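Peer 1: sharing a model that was predicted from the sequence below.
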Amino acid sequence: MNEAASTLEGWYALHDFRSINWTAWKSADDEERAMALDELQEFFKEWSEVESAKQGSTAVYGIVGQKADFVLMHLRETLEELNAVETAFNKTLFARFTTKAYSYVSVVELSNYLAGEGGGDPMENPHVVARLKPILPKTKYICFYPMNKKRDLSDNWYMLDMEERRNMMRSHGLIGRSYAGKVKQIITGSVGFDDWEWGVTLFADDALQFKKLVYEMRFDEVSARFGEFGSFFVGPLLTPESFDDMLKV
Ligand code: VOV
């Protein structure tokens with residue numbers, strides 16, 4: 001059998017995509033809407049307290065296009081906690097005005113393809129822990145898509161030996177690094193958890209950098225030969241204030 005890359009896992013991730021039922025929202029009375037908004041603002045507060053206590057992280061972004069209206073991206077220590085934030089949101093009055101558009105369950109992952117040989121417990125290394133349990137950036141834009149590495153007869157990632165995969169990942173990493181300061185990536189593994197093998201979540205202050213990075217990577221062997229991609233979701237940051245503005249009728 002081929003050598004599997006070894007992976008380190010951090011916080012569990014839920015990308016919870018919702019659409020707003022504008023007809024129901026607009027026909028609700030003022031009091032009901034005000035209560036729903038108050039409850040929503042409470043949630044924003046709770047999520048930011050969890051983040052301050054470094055027990056997880058949440059980012060809220062609008063989604064452009066018809067696939068969804070917004071995404072709640074939650075990172076939490078356990079699947080139980082993720083499930084609990086999801087359920088708590090479902091119980092809110094505001095959630096009654098939303099429909100479930102898409103969701104993705106995964107866990108923040110680092111592989112050893114490019115890891116140094118430095119011994120010791122990686123979970124004692126604060127740089128590693130910061131990458132596995134990241135506070136989600138609150139950049140102007142998010143881009144999310146799920147992906148696989150191909151398993152065709154001629155191009156099967158999982159049949160390549162470790163050295164070949166490592167070389168390709170090195171080239172991938174070099175392209176990625178040239179976007180330092182422009183795009184921040186959080187790779188989450190979802191084998192056994194969801195329909196694709198990884199979730200790719202990108203953060204940037206200039207949305208065009210998503211296009212440039214993803215396009216450049218298409219020419220890199222690991223993406224050109226082995227990348228298979230799901231639907232892309234892109235949109236702007238929603239703060240408690242801009243969420244409120246979006247919901248004004
Ligand atoms: C912002 C840029 C950026 C940077 C710096 C970067 C670097 C790195 C490094 C160093 C490593 C390997 C070690 C680790 O950290 O795991 C990875 C790993 C990975 N990547 Fe990446 N990636 C980026 C960006 C980036 C993008 C845009 C994509 C989507 C590909 C595309 O064509 O649309 C991607 C995918 C992945 C995946 C699926 C993995 C896991 C593959 C596996 O088989 O295990 N990635 N990635």
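Peer 2: Good, I have the coordinates.
Peer 1: give the contact list for the residue in the chain that the ligand sits nearest to.
Peer 2: Ranking the residues of the chain by distance to the ligand (Cβ to the nearest ligand atom) places Gly176 first, at 2.1 Å. From N, CA and C alone the C-beta is placed, and that goes for glycine too. If you count contacts by Cβ atoms under 8 Å, 6 or more residues apart in numbering, Gly176 has them with 185, 213, 217.
Peer 1: quick one: buried residues of stretch 187-205?
Peer 2: Of the residues in stretch 187-205, those buried by neighbour count under the rule 16 or more other Cβ atoms under 10 Å are 187-190, 193-194, 196-204.
Peer 1: what does stretch 145-163 give?
Peer 2: Residues of stretch 145-163 classed as buried by neighbour count (16+ other Cβ under 10 Å): 145-149, 157, 160.
Peer 1: likewise for stretch 174-185?
Peer 2: Applying a neighbour-count criterion of 16+ other Cβ under 10 Å, one finds 176, 179, 183-184 buried in stretch 174-185.
Peer 1: that older thread, now, which of the buried residues of stretch 145-163 lie within strands?
Peer 2: Residues of the buried residues of stretch 145-163 located in strands (DSSP state E): 145-149.
Peer 1: in terms of secondary structure, what does the helix or strand harbouring Leu14 contact?
Peer 2: Remark: Leu14 resides in strand 7-20, with elements defined by DSSP states H and E. For strand 7-20, the elements it packs on are strand 70-76, helix 79-90, strand 98-111, helix 126-132, strand 183-189, strand 198-204, judged by 3 or more Cβ pairs under 8 Å, 6 or more residues apart in numbering; DSSP states H and E.
Peer 1: mind putting those into CSV with mean pLDDT?
Peer 2: Conversion of those to CSV gives the following (pLDDT from 0 to 100):
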stretch, mean pLDDT
strand 70-76, 98
helix 79-90, 98
strand 98-111, 98
helix 126-132, 96
strand 183-189, 98
strand 198-204, 99
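Peer 1: just send these back as a markdown table, with distance to the ligand too.
Peer 2: What follows is the helices and strands packed on strand 7-20, written out as a markdown table (distance: least, Cβ to the nearest ligand atom, whole Å):
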| stretch | distance to the ligand |
| --- | --- |
| strand 70-76 | 16 |
| helix 79-90 | 21 |
| strand 98-111 | 4 |
| helix 126-132 | 8 |
| strand 183-189 | 4 |
| strand 198-204 | 4 |
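Peer 1: to Tyr141, which of these lies closest?
Peer 2: Nearest to Tyr141, of all the helices and strands packed on strand 7-20, is strand 198-204, at 5.4 Å by Cβ to Cβ.
Peer 1: the residue of the chain closest to the ligand - that's part of a helix, no?
Peer 2: Yes. Remark: Gly176 belongs to a helix, assigned using DSSP: H, G, I helix; E, B strand; the rest coil.
Peer 1: report the beta-bridge partners for Gly235.
Peer 2: In this entry, Gly235 is beta-bridged to Ile142, by DSSP bridges.
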